[in-house]
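*Asks:* based on what follows, work out the 3D shape:
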Amino acid sequence: MSNNKFQPPANPRANDIYYHLAFAAFLIVGAAVVLYAMGRVPVCTCGTIKFWYGNPNGAENSQHLTDWYTFSHIIHGFIFYFLFWLAAARAPKTARFTAAVALECFWELIENTPLVINRYREATISLGYNGDSILNSCSDIAAMALGFFIASRVPIKLTIFLGLLFELTTGYLIRDNLTLNVLMLLHPMEAVKNWQGGL
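*Replies:* Next comes the predicted model:
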C-alpha cells in the first residue's frame with residue numbers, strides 16, 4: 001500500500017518563492033555577464049574590495065560593495081515595490097520582486113553605457129565617474145532587493161520615513177541624493193551643480 005497519503009502536501013507557495021528567487025539570481029548573473037562583455041571591471045582596479053567607501057568624489061567610488069549611493073538603490077526598492085503594487089496588485093509578491101530585480105538589472109546596464117557615463121560627467125558633480133565595477137553593480141541590485149523586502153514588511157509610513165531620512169541625510173552630507181541625481185541627469189541646473197560643488 002502506498003504511503004503517499006501520509007506525506008505532507010507539497011507547498012506550491014514555497015515552490016513559487018524558490019522559482020522566483022532562482023530566476024532573480026539568474027537575472028543578476030546575466031547582468032554581470034553583460035557588464036563584463038561591455039568592458040566593466042569585475043572589482044576595483046585598486047586591487048582591494050572594501051565593504052564601504054565613503055568618498056563620493058574619490059576614484060574608488062562605485063567600485064566597492066557599498067557607498068553613499070547604496071542608499072539611493074535601497075530607495076529604488078521602495079519605489080519599485082510601490083509601483084508594482086499599483087500596477088499588479090493581484091500578482092504574487094514574488095513575481096513583483098522578480099520584476100523589480102529585472103528593472104534594476106536593466107538600469108545597471110543602461111547606467112554603465114558610455115552615453116550615461118558621459119552624461120554623469122557633463123551634467124553632475126561626478127566629474128571623475130567612469131562607471132561601476134561589476135561587484136558594485138551587483139551590490140546595487142542587492143540593495144534594491146533589500147529596499148523591496150523592507151517595503152513589503154513594514155508599514156508604508158515607515159517606508160516613507162526611511163526614504164526621506166536617506167534622502168535628507170545624503171543630501172546634507174554629500175550634497176547629492178536620488179532626487180538630485182535624477183534632476184541633474186534629466187534637467188541639469190547650473191545653480192544646483194555649483195551648490196553641489198561647494199561654489
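*Asks:* for the top helix by length along the chain, buried residues please.
*Replies:* Looking across the chain with DSSP state H, the single longest helix is helix 12-37. Residues of helix 12-37 classed as buried by neighbour count (16 or more other C-beta atoms under 10 Å): 20, 23-24, 27-28, 31-32, 35. For glycine as for every other residue, the C-beta is placed from the backbone atoms N, C-alpha and C.
*Asks:* what mean pLDDT would you report for that helix?
*Replies:* Averaging pLDDT along helix 12-37 yields 88.
*Asks:* counting contacts, what elements does that helix pack onto?
*Replies:* helix 93-111, helix 134-153 (3 or more C-beta pairs under 8 Å, 6 or more residues apart in numbering; DSSP states H and E).
*Asks:* among those helices, show me which one is buried the most.
*Replies:* For the helices and strands packed on helix 12-37, the largest average neighbour count (mean count of other C-beta atoms under 10 Å) is found in helix 134-153, namely a mean of 21.
*Asks:* isn't residue 76 right up against residue 105?
*Replies:* No: with contact defined as C-beta atoms under 8 Å, residue 76 and residue 105 do not form a contacting pair (11.5 Å).
*Asks:* using TSV, lay out the buried residues of helix 12-37 together with distance to residue 135.
*Replies:* What follows is those, written out as TSV (distance: C-beta to C-beta, whole Å):
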residue	distance to residue 135
20	24
23	22
24	18
27	17
28	12
31	12
32	9
35	10
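*Asks:* quick one: mean pLDDT over stretch 160-176.
*Replies:* For stretch 160-176, mean pLDDT rounds to 97.
*Asks:* which other residues reach it?
*Replies:* With C-beta atoms under 8 Å, 6 or more residues apart in numbering as the test, stretch 160-176 has contacts from 56, 68, 71-72, 74-75, 78, 124-125, 150, 177-180, 195-196, 198.
*Asks:* rerun at 6 Å
*Replies:* Defining contact as C-beta atoms under 6 Å, 6 or more residues apart in numbering, one finds that stretch 160-176 is touched by 56, 68, 71, 75, 78, 177, 179, 196.
*Asks:* what's the PyMOL syntax to select whichever of these are buried?
*Replies:* Entered in PyMOL, the line below selects the buried ones among those, by 16+ other C-beta under 10 Å:
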select buried, resi 56+68+71+75+78+177+196
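*Asks:* which of the buried residues of helix 12-37 lies closest to residue 184?
*Replies:* residue 35 (23.6 Å; C-beta to C-beta).
*Asks:* list the contacts for the closest one?
*Replies:* Residue 35 is in contact with 134, 137, counting by C-beta under 6 Å, 6+ apart.
*Asks:* chain center to stretch 78-94: distance?
*Replies:* Centroid separation between stretch 78-94 and its chain, computed with C-alpha atoms, centre = their mean, to the nearest Å, is 16 Å.
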